[in-house]
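J.: please find the sequence and the predicted model below.
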2 protein chains.
Amino acid sequence: MAEQAQFEELARQLSAVGAVKRDMGRILPPDCPAGSAAVLTLLGRHGDMRMSKLAELLAVDMSVTSRHVAHVAARGWIERHPDPADKRSRILRLTPEGLEQLDELSRRTTHLLAERLADWTDEEVGQLIRLMSRLRTSFGDCRSAPLRLPAPVVEETTRTPAST
Amino acid sequence: MAEQAQFEELARQLSAVGAVKRDMGRILPPDCPAGSAAVLTLLGRHGDMRMSKLAELLAVDMSVTSRHVAHVAARGWIERHPDPADKRSRILRLTPEGLEQLDELSRRTTHLLAERLADWTDEEVGQLIRLMSRLRTSFGDCRSAPLRLPAPVVEETTRTPAST
DNA sequence: CACTCTTATGGTTGCCCCAAGCAACGAATA
DNA sequence: TATTCGTTGCTTGGGGCAACCATAAGAGTG
């Protein structure tokens, strides 16, 4: 178990790492914001899938996923085939143009990171990846965990855990 | 130097870590969104400072910082004292209410992380912190703090020891 | 067994909030 | 006068919730 000071520092670093994300977003091709890029990347990595699966991988709400997908589909980078097994669902698949786009994305990202992380060793990068991945896992399944607060000092009107 | 596949994976993890941030944001007290929390935290940790310094620490644009600060000041959590040495600048300082709020923040964050990271060791957390910190450094402030100017004269009001 | 009626699930859309950047500006410095 | 600190207006991206539609999956009932 880690100590308290570290927790706060971790929170700090997490909030500050947004700058890195934004920096990477700055090199994205036109018409391809971060959300779209993530969709393409995940489709490229995991192959065809349905929205719900994609939403889970993106770790965002279905509605958000839906919009990202719509954006990407509107540009012809993916197709939405009706799922033969379930007519309400649609299977997402990269198009050749999508692959091209993905390739361009990959190229830019790699280039940027190669520049920025020039002095990082393979191992260090791997370690960071592992730790972030584990962090996500640790937080991951808490979509249902009620995160009970210890007697708050201020009255709290925090969002009800929903799921009504 | 790391290899390409890792770069893409790192990009993925970075984009996915947003879920963790959002999850933490979900437990914030009312009227205190993440931006405000960050302001309070940084003021608590580094003491009084001016906007520009805060913006640098937050790694965001001055305009964003200004709004966060305005929000926080409007709730009485900080005060903006005129800088005697530079009348266009203002020194930010936590008020007692701000300290309370910060305390509450700290409590909630710590509690959440203690729950989520129950099976993390002290060392693992420290490693993640170090790596993320280094990541930020590598991306360095290629935009937010290129100010290692050979300033012949350093102003005394803003000079902070070793903000590495 | 077939045919409803009810409930659950996959996705979409509308409306909202937060965060961030840029640009233009006013005020004070240098 | 030219710069710098900070504020404000405007825009964009991203995310959530709730309401909604369509389909699926059960639960009864004849």
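T.: Looks like it came in fine. Residues are numbered from 1 along each chain as shown, chains lettered A, B, ... in the order given.
J.: switch to C-alpha atoms for all contacts and neighbour counts from now on
T.: Noted.
J.: so the helix or strand where A:Leu54 lies, near DNA strand C or not?
T.: Counting by DSSP states H and E, the element that carries A:Leu54 is helix A:51-58. Yes: shown here: helix A:51-58 in contact with DNA strand C (CA under 7 Å from any atom of the strand) through A:Met51, A:Ser52, A:Lys53.
J.: and the worst-scoring helix or strand of chain A on mean pLDDT, does that touch chain B?
T.: Among the helical and strand segments of chain A, the one scoring lowest on mean pLDDT, DSSP states H and E is helix A:4-16, with a mean of 88. Yes: residues of helix A:4-16 contacting chain B under CA under 8 Å from any CA of the partner chain: A:Gln4, A:Gln6, A:Phe7, A:Glu8, A:Glu9, A:Leu10, A:Ala11, A:Arg12, A:Gln13, A:Leu14, A:Ser15, A:Ala16.
J.: returning to that earlier point: return the set of buried residues in the helix holding A:Leu54.
T.: A:Met51, A:Leu54, A:Ala55, A:Leu58 (16 or more other CA atoms under 10 Å in any protein chain shown).
J.: in CSV, list those residues along with distance to A:Gly140 and pLDDT.
T.: Converted to CSV, those look like this (distance: CA to CA, whole Å; pLDDT from 0 to 100):
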residue, distance to A:Gly140, pLDDT
A:Met51, 19, 96
A:Leu54, 15, 96
A:Ala55, 13, 96
A:Leu58, 12, 94
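J.: which ones among those residues also lie next to chain B?
T.: Counting by CA under 8 Å from any CA, the subset of those that neighbours chain B consists of A:Leu58.
J.: now the spatially most central residue of chain A: closest residue in space that isn't a chain neighbour?
T.: Taking CA atoms, centre = their mean, the centroid of chain A lies closest to A:Leu58, which sits 4.0 Å from it. Spatial nearest neighbour of A:Leu58, excluding adjacent residues (CA to CA, 6 or more residues apart in numbering or on different chains): B:Ala16 at 6.4 Å.
J.: ditto for A:Asp83
T.: Per CA to CA, 6+ apart, closest to A:Asp83 is A:Arg90, 5.0 Å.
J.: separation between the one you found and A:Asp48?
T.: Look at A:Arg90 and A:Asp48: by CA to CA, to the nearest Å, they are 10 Å apart.
J.: show me what counts as buried in the lengthiest helix in chain A.
T.: Longest helix of chain A, by residue count under DSSP state H: helix A:96-116. Across helix A:96-116, burial judged by 16+ other CA under 10 Å covers A:98-99, A:101-102, A:105-106, A:108-110, A:112-114, A:116.
J.: would you map the helices across chain A?
T.: A:4-16, A:18-25, A:34-46, A:51-58, A:62-74, A:96-116, A:122-140.
J.: the inter-axis angle of the longest helix of chain A versus helix A:62-74?
T.: Inter-element angle recorded for helix A:96-116 and helix A:62-74: 110 degrees (by axes from the mean of the first three to the mean of the last three CA atoms, to 10 degrees).
J.: contacts for helix A:96-116?
T.: Helix A:96-116 is contacted by residues A:24, A:27-29, A:37, A:40-41, A:44, A:76-78, B:1-2, B:4, B:7-8, B:11, B:138-139 when judged by CA atoms under 8 Å, 6 or more residues apart in numbering or on different chains.
J.: what about that helix and DNA strand D, touching?
T.: No: figure legend: helix A:96-116 not in contact with DNA strand D (CA under 7 Å from any atom of the strand); closest approach 13.2 Å.
J.: quick one: the residue nearest to A:Asp83 from B:Arg67, how far?
T.: According to CA to CA, A:Arg90 stands 42 Å off from B:Arg67.
J.: same check on A:Leu40?
T.: 34 Å.
J.: more neighbours: which of those two?
T.: For A:Leu40 versus B:Arg67, neighbours defined as other CA atoms under 10 Å in any protein chain shown are more numerous around A:Leu40 (26 against 13).
J.: the more buried one and A:Leu94 touch, don't they?
T.: Yes: counting by CA atoms under 8 Å, A:Leu94 is a contact partner of A:Leu40 at 7.4 Å.
J.: mutual contacts of those two, please.
T.: With CA under 8 Å, 6+ apart as the test, A:Leu40 and A:Leu94 both reach A:Trp77.
J.: is it true that A:Ser52 touches A:Met62?
T.: Yes: under the criterion of CA under 8 Å, A:Ser52 makes contact with A:Met62 at 6.8 Å.
J.: can the longest strand along chain A be said to contact DNA strand D?
T.: Longest strand in chain A, counting residues (DSSP state E): strand A:86-94. Yes: counting by CA under 7 Å from any atom of the strand, DNA strand D is contacted by strand A:86-94 at A:Asp86, A:Lys87, A:Arg88.
J.: equivalent analysis for stretch A:58-73, please.
T.: Yes: contact of stretch A:58-73 with DNA strand D (CA under 7 Å from any atom of the strand) involves A:Ala59, A:Val60, A:Asp61, A:Met62, A:Ser63, A:Val64.
J.: many thanks, we can stop here.
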